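> Predicted model follows, preceded by the sequence.
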Amino acid sequence: MEEPTLEELRKRIDCIDRAIIKLLEERIKVCRDIAKCKLKLGLPIEDPQREDIVLKRAGIYEDVFKEIIKLCKKVQEGMVHGQI
């Protein structure tokens with residue numbers, strides 16, 4: 001069996017990237033719903049205990065998930081302040 005070409009490998013990466021973007025969009029939608037719940041319950045946007053759980057679960061991808069969490073908090077804070 002031949003090894004895949006650079007072009008084929010890049011096409012696979014492009015497909016994976018599209019899937020990641022789709023999942024990030026879905027995560028943002030759920031984060032918006034969470035922000036609505038937090039507003040109704042009078043809870044703060046930040047939840048350090050929950051963030052720790054997510055980061056521990058992320059393992060070697062902790063830095064990536066730190067950025068994802070930062071993005072989600074920005075979206076939630078925007079909702080709280082009526083910017084989104």
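Alright, I've got the coordinates.
> Buried residues in whichever strand or helix holds residue 54, which are they?
Per DSSP states H and E: residue 54 is located in helix 48-58. Under the neighbour-count criterion of 16 or more other Cβ atoms under 10 Å, helix 48-58 has residue 51 buried. Just so you know, the C-beta spots here come from the backbone N, C-alpha and C atoms, and that holds for glycine as well.
> So for that helix, mean pLDDT?
Averaging pLDDT along helix 48-58 gives 98.
> Give me the distance from the helix or strand that comes right after it to the chain's centre.
The first helix or strand that comes after helix 48-58 along the chain, using DSSP H and E, is helix 62-80. In terms of Cα atoms, centre = their mean, to the nearest Å, the gap separating the centre of helix 62-80 from the centre of its chain is 7 Å.
> Tell me what angle helix 62-80 forms with helix 48-58.
Relative orientation of helix 62-80 and helix 48-58, computed by axes from the mean of the first three to the mean of the last three Cα atoms, to 10 degrees: 140 degrees.
> what's helix 62-80 in contact with?
Contacting residues not belonging to helix 62-80 are listed as 24, 27-28, 31-32, 34-36, 38-39, 45-46, 51, 54-55, 58, 83-84 [Cβ atoms under 8 Å, 6 or more residues apart in numbering].
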